[in-house]
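> quick check, what structure comes out for this input:
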Amino acid sequence: MIIDRTARVVPPRYPDRDVRSRIGNALGKADDADLLAAYLWVQEVSIGREACTALRRQRDALRENLEKLGILKSSSHFRGRTWEFTRSELDSIFDAFIKTANDELDLIDGSLQQASLTFEELSRLPEEDLSTRYTAVSTLH
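Numbers count the residues shown, from 1 in each chain. Okay, the predicted model is just below:
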């Protein structure tokens with residue numbers, strides 16, 4: 001690969017001479033398949049990170065809602081009104097929502113654990129040549 005110093009993407013000038021040499025040698029040996037494989041791998045890692053971030057946000061929002069619900073359930077007043085006469089009905093609703101939310105939290109936690117493991121696996125630079133990972137007959141699971 002020949003580096004066009006006027007291109008949109010140009011390798012940085014690394015301060016360490018050995019790093020510059022190693023990067024230069026790797027780029028000199030890279031072909032279009034190597035670059036496409038590296039790009040695909042980076043995109044997979046990026047998608048994995050986005051999935052984990054979305055699951056964490058969903059989990060955190062649900063936890064926040066559960067905290068608010070706990071405050072409401074323990075109070076006998078809401079917006080200046082008491083709910084003494086409907087306490088048992090409200091408690092039933094609160095309890096049902098808390099159970100449903102906790103079940104959803106369990107599902108999110110399980111999904112997040114699996115997504116995090118997958119993300120960690122994706123993030124590790126493979127030992128093999130990346131171009132062998134993306135062939136017409138390869139399938140990722």
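> now the helices for this structure?
Secondary structure of the chain (DSSP state H): helices at 17-29, 32-74, 87-123.
> residues making contact with the shortest one?
With contacts defined as Cβ atoms under 8 Å, 6 or more residues apart in numbering, helix 17-29 is touched by M1, I3, P11, R13, Y14. C-beta coordinates here come from the backbone N, C-alpha and C atoms, glycine included.
> nearest to R133 among those residues?
Among these, M1 lies closest to R133 (Cβ to Cβ), at 19.5 Å.
> quick check: phi and psi at D16.
Phi and psi for D16, reported as degrees, to the nearest 10, are phi -80, psi 130.
> per-residue pLDDT of it, please?
Looking at D16, its pLDDT stands at 94.
> I'd like the distance between the closest residue to R49 other than its chain neighbours and L62.
The shortest distance from R49 to any non-neighbouring residue, by Cβ to Cβ, 6 or more residues apart in numbering, is to F119 (6.2 Å). Separation of F119 from L62 (Cβ to Cβ, to the nearest Å) stands at 21 Å.
> neighbour count winner among the two?
Counted by other Cβ atoms under 10 Å, F119 and L62 do not tie: F119 has more neighbours, with 19 against 15.
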